[in-house]
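Chemist: Turn this into a model:
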Amino acid sequence: MACRISELVLDAADPERLAAFWSQVLGYVELGREDDGSIEIGPPDAGFGGPQPTLILSPSSDPRTGKLPLHIDVNATDRDQDAELERLLALGAKPADVGQTGTESWHVLADPEGNVFCLLRRRLQPL
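Modeler: Numbers count the residues shown, from 1 in each chain. Next up is the predicted model:
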């Protein structure tokens, strides 16, 4: 028997803003809200427990110091990497420098709150 990743929880100064951003990036929809202000987003046809993990944006006022020890990698499903990069930048992602050399096959970006994620080159089939 093994475990599966069911949810990823991301602290957010503005959960509403990050939920909107990541919903557009991933094609997710809002699945629910908690009394503490947390917002869960996930695949529209599967929700929690489906083949993809859901994302919970949890309100936090704790200051972040330095690079997070975990980041998200994304792959385009319906366009090439350059077109997806343009789309992500238009949604509010910003280029980020984490010490890359410039010869990588991926792009390092940050979401509207500065959480680093990577856009990989390889196109994946949609689920």
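Chemist: Where does pLDDT dip in the protein?
Modeler: Low-confidence segments of the chain (pLDDT under 70): 1, 65-66.
Chemist: dump the residue contacts of residue 17.
Modeler: 112, 113 (CB atoms under 8 Å, 6 or more residues apart in numbering). Yep, even glycine has a C-beta here, placed from its N, CA and C like the rest.
Chemist: what helix or strand is it on?
Modeler: Here residue 17, judged by DSSP states H and E, is contained in helix 15-26.
Chemist: One more: residue 85?
Modeler: Counting by DSSP H and E, residue 85 is found in helix 81-91.
Chemist: Just want the angle from that helix to helix 15-26.
Modeler: Between helix 81-91 and helix 15-26, the angle comes out at 160 degrees (axes from the mean of the first three to the mean of the last three CA atoms, to 10 degrees).
Chemist: Which elements pack onto the very next helix or strand once past helix 81-91?
Modeler: Next helix or strand after helix 81-91 toward the C-terminus (DSSP H and E): strand 94-95. Applying 3 or more CB pairs under 8 Å, 6 or more residues apart in numbering; DSSP states H and E, one finds that strand 94-95 contacts strand 107-110.
Chemist: Please identify the pairing partners of the strand it packs on and their relative orientation?
Modeler: Strand 107-110 sits in its sheet next to strand 94-95 (antiparallel), strand 116-120 (antiparallel), going by DSSP bridges.
Chemist: right, so of those strands, which gets closest to residue 34?
Modeler: Residue 34 sits nearest to strand 116-120 of all those, at 23.8 Å, using CB to CB.
Chemist: for the residue nearest the centre of the chain, what are its contacts?
Modeler: Per CA atoms, centre = their mean, the C-alpha nearest to the average position across the chain is that of residue 22, at 5.1 Å. By CB under 8 Å, 6+ apart, the contact set of residue 22 is 28, 41, 55, 57, 111.
Chemist: Same list (the strands paired with strand 107-110) but as JSON lines, adding mean neighbour count and distance to residue 36.
Modeler: Formatted as JSON lines, the strands paired with strand 107-110 follow (neighbours: other CB atoms under 10 Å; distance: least, CB to CB, whole Å):
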{"stretch": "strand 94-95", "mean neighbour count": "10", "distance to residue 36": "28"}
{"stretch": "strand 116-120", "mean neighbour count": "18", "distance to residue 36": "24"}
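Chemist: Many thanks, we can stop here.
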